[in-house]
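Asks: pasting the sequence and the predicted model now:
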Amino acid sequence: MKVLLVGTGAREHILAEQLSKSASLYSIMPKKHPGIASLSEEFLVHDPTDSSVVGQWAKSKGIDVVFVSPDGLLAQGVTDTFADLGIPCASPLKKAAMIEWDKGYARNLMRAKEISGCPIIKIVSTLDDAKEAISEIGEVAIKPIGLTGGKGVKISGEHLNSEQEILDYCSELIKKDGNVLIEERLDGEEFTLQAFCDGSTLALMPPVQDHKRAFEHDEGPNTGGMGSYSTGKLLPFLEQKDMDEAKEIMQKTLTEMKNEGNSFTGILYGQFMLTKNGIKVIEFNARFGDPEAMNVLALLKTQLSEVFLSMAEGKLIPVSFSNNCTVVKYLVPEGYPIEGKADQPISIDKEGLWNSGTKLYFGSVYEKGETIYTTPSRTAAIVAQAETLEDAEKAAEDAMSFVKGPLWHRKDIGTKDLIKRRMEHVRRLKA
Ligand code: AMP
Ligand code: GLY
């Protein structure tokens with residue numbers, strides 16, 4: 001089977017590794033990614049949105065199934081380029097990816113179809129309406145409608161400390177986008193649930209908890225995600241009924257999208273929050289999470305190429321995972337996320353890594369000669385798995401010494417202390 005992967009990053013690096021196990025991998029990337037390139041039978045370094053060039057390239061290679069990975073490319077309709085040429089696609093068309101790139105679409109679908117888990121929301125396009133919404137709702141989360149790389153949401157009491165600051169941010173977004181999403185501020189523990197979808201049915205992956213804040217103890221600015229952990233079928237603070245509720249929300253969303261003629265094939269990503277009033281939806285994405293993809297794909301037992309082909313054909317096969325615990329920690333350049341130091345050489349002790357049983361996936365890096373250099377974004381992710389979370393965390397932490405360069409990471413992800421705080425938070429909420 002010939003599979004085409006479009007996009008680069010650590011998430012795509014593990015996708016490439018999984019796909020190349022059972023298929024010939026072809027890849028298209030805007031800049032050469034050393035990890036994906038080395039796993040590919042052939043690769044094309046070209047702008048993926050240049051539809052005539054990438055479409056013809058895929059056609060000429062006789063590709064059996066395509067997977068377009070990153071949100072930006074999905075929002076620009078890169079899947080549609082291949083679908084229009086009759087190539088089976090395991091990623092969503094632009095219109096279906098709207099579940100991510102238009103938060104208004106997602107929220108309105110939830111309200112119209114009575115899908116549970118929707119917070120109180122208002123979409124407004126004037127400052128007067130924003131004022132009214134804020135006085136009705138109270139504590140709020142202010143969100144741009146479109147894609148922002150996970151960095152556009154601001155929360156009252158956290159990032160916005162007075163009514164004036166809230167209104168100023170609403171005004172900034174209205175000027176830029178024409179509207180703004182104002183949501184009730186929720187309190188709870190967040191978790192990610194990802195599912196393979198074939199338009200009608202879904203196969204869930206193990207739940208994961210990501211860490212968006214830059215610094216230990218969840219402090220500092222939001223990032224693309226500093227790391228994540230997973231403990232098999234449930235997270236330590238979840239009960240089976242929470243998972244069932246989240247699954248039902250995802251299944252209903254998939255069904256209602258199909259009913260309105262906007263069938264979703266691809267990875268549906270639910271960002272959920274367990275609150276004192278049950279499960280709430282923070283957002284949907286139309287792709288794997290980064291880093292969450294690495295937690296689940298490390299455990300995948302079914303061949304990913306077979307899963308993708310079955311999704312594209314609308315006949316999803318059963319998907320199984322091993323039950324291990326996983327910890328992913330991102331190494332990021334000094335200065336990240338405000339101003340990550342670019343063009344710094346890094347070196348990797350490949351043998352040490354190999355012997356440790358951990359894996360490294362490159363994020364945003366480039367290669368000159370034999371040397372790998374940083375960019376301002378996340379550099380590389382270390383993935384460790386073990387029967388216990390404690391062992392996985394220790395393995396990930398120990399593996400950091402095999403990567404040298406001006407990089408740092410969050411040391412608390414997956415630790416006993418952090419899990420204890422998560423569980424206490426949920427206990428307090430439920431009390
Ligand atoms: P998003 O880009 O929608 O995933 O939001 C980024 C982060 O903002 C989430 O991971 C949450 O931590 C936080 N957030 C988003 N919506 C809300 C909300 N309604 N209440 C509280 N926090 C939120
Ligand atoms: N880790 C969060 C995301 O991929 O959106």
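Replies: The structure has been received and is ready for your questions. Ligands and ions are numbered 1, 2, ... in the order given.

Asks: partners of the lowest-mean-pLDDT helix or strand in the chain in the sheet?
Replies: Least confident helix or strand of the chain, by mean pLDDT, DSSP states H and E, is strand 219-222 with a mean of 87. Strand pairing for strand 219-222, determined by DSSP bridges: strand 213-215 (antiparallel).

Asks: in the partner strand, what counts as buried?
Replies: Within strand 213-215, the residues that qualify as buried are R213, A214, counting by 16 or more other C-beta atoms under 10 Å. In short, each C-beta sits where N, CA and C put it, glycine included.

Asks: now check it, is it near ligand 1?
Replies: No - contact of strand 213-215 with ligand 1 is not found when judged by C-beta under 6 Å from any ligand atom; the minimum separation is 8.5 Å.

Asks: now do that strand: distance to the chain's middle.
Replies: How far strand 213-215 lies from its chain's middle: 17 Å, per C-alpha atoms, centre = their mean, to the nearest Å.

Asks: could you give the mean pLDDT of it?
Replies: Strand 213-215 carries an average pLDDT of 94.

Asks: contacts for that strand next, please.
Replies: Here strand 213-215 makes contact (C-beta atoms under 8 Å, 6 or more residues apart in numbering) with E219, G220, P221, N222, T223, M226, Y336, P337, R410.

Asks: swap in 6 Å and give it another go.
Replies: Residues from elsewhere that reach strand 213-215, judged by C-beta atoms under 6 Å, 6 or more residues apart in numbering: E219, G220, P221, T223, P337.

Asks: do the same with stretch 354-370
Replies: Taking C-beta under 6 Å, 6+ apart as the rule, stretch 354-370 contacts 9-10, 13-14, 34-35, 353, 372-373, 375, 377-384, 395, 399.

Asks: same thing with stretch 254-263?
Replies: K95, A96, K113, C197, G199, S200, L202, F264.

Asks: find the nearest non-adjacent residue to the last one, please.
Replies: Beyond its immediate neighbours in the sequence, the residue positioned closest to F264 (C-beta to C-beta, 6 or more residues apart in numbering) is A96, lying 4.4 Å away.

Asks: count of neighbours near the one you found?
Replies: Per other C-beta atoms under 10 Å, the neighbour tally for A96 reads 22.

Asks: just to revisit the earlier point, any idea how far the least confident helix or strand of the chain is from the chain center?
Replies: How far strand 219-222 lies from its chain's middle: 18 Å, per C-alpha atoms, centre = their mean.

Asks: show me what counts as buried in that strand.
Replies: Buried positions in strand 219-222, judged by neighbour count with 16+ other C-beta under 10 Å: N222.

Asks: name the helices or strands packed onto whichever helix or strand comes after it?
Replies: Where DSSP states H and E defines the elements, the next helix or strand beyond strand 219-222 is strand 227-230. Contact here means 3 or more C-beta pairs under 6 Å, 6 or more residues apart in numbering; DSSP states H and E; on that basis strand 227-230 packs against helix 292-297, strand 325-333.

Asks: please identify the buried residues of the helix or strand following the last one?
Replies: Right, strand 325-333. Downstream of strand 325-333, the first helix or strand assigned by DSSP H and E is strand 345-348. Under the neighbour-count criterion of 16+ other C-beta under 10 Å, strand 345-348 has I346 buried.

Asks: can you name the residues that contact the residue in the stretch 251-400 of the chain that ligand 1 sits nearest to?
Replies: Taking C-beta to the nearest ligand atom as the measure, the stretch 251-400 of the chain has E283 as its residue closest to ligand 1, at 3.8 Å. Neighbour list for E283: Q271 [criterion: C-beta under 6 Å, 6+ apart].

Asks: can you do 10 Å?
Replies: Contacts here follow C-beta atoms under 10 Å, 6 or more residues apart in numbering; on that basis E283 touches 99-100, 103, 106-107, 143, 150, 153, 183, 269-272.

Asks: now K252
Replies: Counting by C-beta under 10 Å, 6+ apart, K252 touches L109, M110, K113, E114, I115, S116, G117.

Asks: using a markdown table, please lay out the residues you listed together with pLDDT.
Replies: Below are the contacts of K252 laid out as a markdown table (pLDDT from 0 to 100):
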| residue | pLDDT |
| --- | --- |
| L109 | 97 |
| M110 | 97 |
| K113 | 97 |
| E114 | 97 |
| I115 | 97 |
| S116 | 97 |
| G117 | 97 |
